[in-house]
Every structure is written in structure tokens, then in C-alpha cells.
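Undergrad: Quick one, fold the following:
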Amino acid sequence: MLKNRSTETLKQRQAYPLDLKVAMTKKRITEWYEHFNGEVYVSFSGGKDSTVLLHMARELYPNIEAVFVDTGLEYPEIRDFVKTFNNVTWLKPKMPFNQVLEKYGYPIVSKEQSQYIGQYRNANSEKTKATRMQGNRWGRGKIAEKWKYLLDAPFKISDRCCEVMKKQPFYAYERRTGKRPIIGTMASESSKRVQNYNQFGCNAFDAKRPTSKPMSFWTDADVWAYIKEFKVPYSTIYNMGYERTGCMFCLYGHHLSDTNRLELMRQTHPKQYKYCMEKLGLEAVLDWYIYGGLI
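TA: A predicted model of the protein is given here:
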């Protein structure tokens, strides 16, 4: 049965003390594990959130499997950190990143906006184009005014990158093994995740793809507090000035970051910086992204 929650309930739970959040999260993990008779796994990216999730899960079930997708886009420090864990299954995408960019386009602004821009450009119907320009009857689903200049960009734009590089390997693994994922995402990261939590709660037993997100009501501050209190090792990439450890070459949220992630990468990982700018064409993309509109 689907559980309808309000955003107010989520806010209340986000304000809970850490010890209560830990207890609630472990309860959600246990419910998930028992419901699927242990045929579950922890989605492990090597970042701080999934590191905390794996720590809690293995306190309950020491032999629970972790699964890592080696996209080739991770920071070297992340890959090295993942290698320090036992019982981790490594997956790889079928298509390399450069081919994804060539076939589908670059991930810029946000998943939502890059999806809308790509759909408008490739639309076969005028209705789809109208929706992407003006929104539906509720005013949703449209390209934001500030990003409409990207419709004229001389390169493809798409949200397919994450699906091809990360999601599809997980989906294939789940079909092959029958295992269900436990994921360390939090509702505080996006409005879409708030909606997902309000609809399903932490354990989406009835979703089309059943998933457990037992840290949904946590915040970044909670994660760091847990790491400090329980002395949990984490990747050294965070000590180099990085706040997020997703794909090195992703441009989502580039305009919002307080620190220029790519400039930091130029200093800390010059080889990878040169590759993404020159070989992957990000230098030309950034010229449009930053200087082509009203940012």
C-alpha cells in the first residue's frame, strides 16, 4: 500500500536528533532485508552518504553485498576507497562516456532541464514542443526562461548520461540476481526526491522498481555528524575541497556551486581536467553554458 506523507512530516523528521534517525534508518533496513529474505544489496558509490549507509547496514548484516558501478568517471580517490571494502561487486556500463555524449548529448544545468531541452529538440509533435516551451496546464514541465538560449547551442543536450552510465548497470544486475537495492539518497537533495518520499516513504515496496532509501530524512549535517561520532573512514577526496563526489565531468549544478568544481579539478587532477576539456569538448560546452545566456 502506498503511504501518503506531507512535506511537513518530512521536515519534522529531518529535525530529529541523530540517534533517533539512526534507529529509524536501521529499522527500515531491517524491514527491507527481511521482506526480501536477504536478497538485497547496498548501492555503494564511495561517497560519504553511501559510506554511512553501508556502515549501518553492515552493523546489522555484516555480509550484506555492496554494488559499485565503475563508470570510469569517478575520482581516483573514490575508486581507491571502494577497493578497501570487501564483498563489493563491481559493474561497468556497456557504453563509454564519450560515446554517450556523442549519441545523446551533454548533461548540463540539471537532469530536469537537460531532459526538457533534449525532448524539445527531438520532438515529433507540436504538443510536446508547446509543453516544453510553455508548460502543461499547471505550468510544469517547461524549459526555464533563463535556459532557453541553450536550444540554439551547437551541441546535443540530454539527461541520458546517468541512465546509461549508472542506472542501466544496476537494472541489469537486479534482473540477473533478483536482488533489491538499498540506496543512500536523501530528500533534501531535490524536489523530486521530496515527492518520492511523500509518496512511498523510505521503503518503496509497491513502486515499479522497489527501492529502499532509508536515509531519506537525513541531511548532509547528519551524515558528517555520524562519520565523526562513529569514526567512519571516508574518501580522501573530501579533504581536497570537494563537497560532492559524483562523476568528475558532470556539469549539473555547475552554475550553483559556491566553488568551481572544474577549476578545483584543474588543480588537483590536471590530467583528467585536460582530458575532459579537450577530448570530451567541455571547454566549448562551458563557453555556451556560462557565457551564452544570462547566468
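Undergrad: those helices in the chain, which residues are they?
TA: Applying DSSP state H to the chain gives helices spanning 7-14, 18-35, 48-60, 76-82, 97-103, 111-122, 126-134, 160-162, 168-177, 191-200, 220-229, 261-268, 270-274, 282-291.
Undergrad: Nearest to Tyr242 among these would be which one?
TA: Closest approach to Tyr242 among the helices of the chain is made by helix 261-268 (6.7 Å; CB to CB). Placement of C-beta: from N, CA and C, glycine included.
Undergrad: what is the orientation angle of the closest one with helix 282-291?
TA: Going by axes from the mean of the first three to the mean of the last three CA atoms, to 10 degrees, helix 261-268 is angled at 140 degrees with respect to helix 282-291.
Undergrad: residues in contact with helix 261-268?
TA: 240-242, 244, 248, 254, 272-273, 276, 282, 286 (CB atoms under 8 Å, 6 or more residues apart in numbering).
Undergrad: Indicate which one of the helices of the chain is closest to Asp152.
TA: Checking the helices of the chain against Asp152 by CB to CB gives helix 282-291 as the closest, at 8.7 Å.
Undergrad: what does that closest one rub up against?
TA: Residues outside helix 282-291 that contact it (CB under 8 Å, 6+ apart): 106, 108-109, 150, 153-155, 249, 251, 254-255, 262, 276-277, 295.
Undergrad: run the last query once more with 6 Å
TA: For helix 282-291, the external contacting residues (CB atoms under 6 Å, 6 or more residues apart in numbering) are 106, 108, 153, 155, 276-277.
Undergrad: in the stretch 1-150 of the chain, what spans have low per-residue confidence?
TA: 1-5 (pLDDT under 70).
Undergrad: one step back: could the helices of the chain go into a markdown table alongside distance to Tyr41 and mean neighbour count?
TA: Shown next, in a markdown table, are these (distance: least, CB to CB, whole Å; neighbours: other CB atoms under 10 Å):
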| stretch | distance to Tyr41 | mean neighbour count |
| --- | --- | --- |
| helix 7-14 | 25 | 14 |
| helix 18-35 | 10 | 16 |
| helix 48-60 | 9 | 21 |
| helix 76-82 | 14 | 18 |
| helix 97-103 | 24 | 16 |
| helix 111-122 | 24 | 20 |
| helix 126-134 | 37 | 14 |
| helix 160-162 | 19 | 22 |
| helix 168-177 | 8 | 15 |
| helix 191-200 | 19 | 16 |
| helix 220-229 | 20 | 16 |
| helix 261-268 | 29 | 16 |
| helix 270-274 | 29 | 13 |
| helix 282-291 | 33 | 16 |
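Undergrad: Identify whichever of those helices lies nearest to Pro214.
TA: Pro214 lies closest to helix 18-35 among those, at 3.7 Å (CB to CB).
Undergrad: Stretch 193-210: end-to-end distance?
TA: End-to-end distance of stretch 193-210 (CA to CA, to the nearest Å): 15 Å.
Undergrad: pLDDT of stretch 166-177, averaged?
TA: For stretch 166-177, mean pLDDT is 97.
Undergrad: wouldn't Gln14 be in contact with Phe217 here?
TA: Yes: taking CB atoms under 6 Å as the definition, Gln14 is a contact partner of Phe217 at 5.3 Å.
Undergrad: So for stretch 237-248, what gets flagged as buried?
TA: For stretch 237-248, burial by neighbour count (16 or more other CB atoms under 10 Å) applies to 237-238, 242, 244-248.
Undergrad: Is it possible to get CSV of those that adds distance to Gln199?
TA: Formatted as CSV, the buried residues of stretch 237-248 follow (distance: CB to CB, whole Å):
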residue, distance to Gln199
Ile237, 33
Tyr238, 32
Tyr242, 32
Arg244, 26
Thr245, 28
Gly246, 25
Cys247, 27
Met248, 32
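Undergrad: which two from these end up farthest apart in space?
TA: Longest span within the buried residues of stretch 237-248, CB to CB: Tyr238 and Cys247, 16.1 Å.
Undergrad: Could you measure from Val285 over to Ile157?
TA: Separation of Val285 from Ile157 (CB to CB, to the nearest Å): 9 Å.
Undergrad: which residues are in contact with both of these two?
TA: Here Val285 and Ile157 share the contacting residues Tyr106, scored by CB under 6 Å, 6+ apart.
Undergrad: now the residue lying farthest from the centre of the chain: how far from Leu151?
TA: For the chain, the residue at maximal distance from the C-alpha centroid (CA atoms, centre = their mean) is Glu126, at 31.6 Å. From Glu126 over to Leu151 the distance is 15 Å, taken as CB to CB.
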